[in-house]
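Student: Predicted model, plus sequence, below.
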Amino acid sequence: MLKYLVVLGAIAAADAQFWGGYYYAVTEASRAEAECVQVPKKLIEETLYCHGPYPKPTCKDEDKCMKEWKEGSCADNGFPLIHERSMNATGQTDPEKCDWKGWFGFLATELSRTSWVNGSFPSVVVKSD
């Protein structure tokens, strides 16, 4: 059963196992410039909170992006810092049906596509979960 915890308008998954884990993909760049993108397995074929599906990895540099998802997380593969998060579509009552009204805040890692870096990436890092 899916459970939610609503805190200040942000929705977080109380039962992360429902989403089935993660898939990740890494850009084929030097380690210092590499990006890792990650999605919950559910987002491969379905939409959650107006995002997805992502049947193939999407990276900033599509030519260097892996062509297929791999099972696992970015953090477990040497990318400990979140660089980008997906925006939260406000007012959603059903995570699988998009009733878009606007954007507010960020979705939890368990619910969205995120971009991760290894710490030497030449950019500002949002934060690590």
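Tutor: All right, it came through fine.
Student: Please count neighbours and contacts with C-alpha atoms only from this point.
Tutor: Will do.
Student: Show the model's pLDDT score for the residue nearest to Asp61 when sequence neighbours are not counted.
Tutor: Leaving aside its sequence neighbours, Asp61 sits nearest to Thr27 (Cα to Cα, 6 or more residues apart in numbering; 7.4 Å). Predicted confidence (pLDDT) for Thr27: 79.
Student: now Ala13
Tutor: pLDDT at Ala13 comes out at 35.
Student: The chain should start at 502 in everything you say after this.
Tutor: Done: numbering now begins at 502, and the last item shifts to Ala514.
Student: And Asn578, how far from Asn619?
Tutor: Asn578 is 9 Å from Asn619, where distance means Cα to Cα, to the nearest Å.
Student: These two: who's more crowded?
Tutor: Asn619 (21 against 13; other Cα atoms under 10 Å).
Student: lowest-confidence helix or strand of this structure?
Tutor: Here the helix or strand of the chain ranked lowest by mean pLDDT, DSSP states H and E is strand 505-508, holding a mean of 30.
Student: which residues does the residue nearest to Asp562 contact?
Tutor: Thr528 makes contact with Ala535, Glu536, Cys537, Cys560, Asp562, Lys565, Cys566, Met567 under the criterion Cα atoms under 8 Å, 6 or more residues apart in numbering.
Student: who's in contact with the fourth one?
Tutor: Think Cys560. By Cα under 8 Å, 6+ apart, Cys560 lies in contact with Thr528, Glu536, Cys537, Val538, Cys566.
Student: correct me, but the third one touches Ala576?
Tutor: To tie it back to what came earlier, the one meant is Cys537. No. With contact defined as Cα atoms under 8 Å, Cys537 does not reach Ala576; the gap is 9.0 Å.
Student: Thanks a lot, see you next time.
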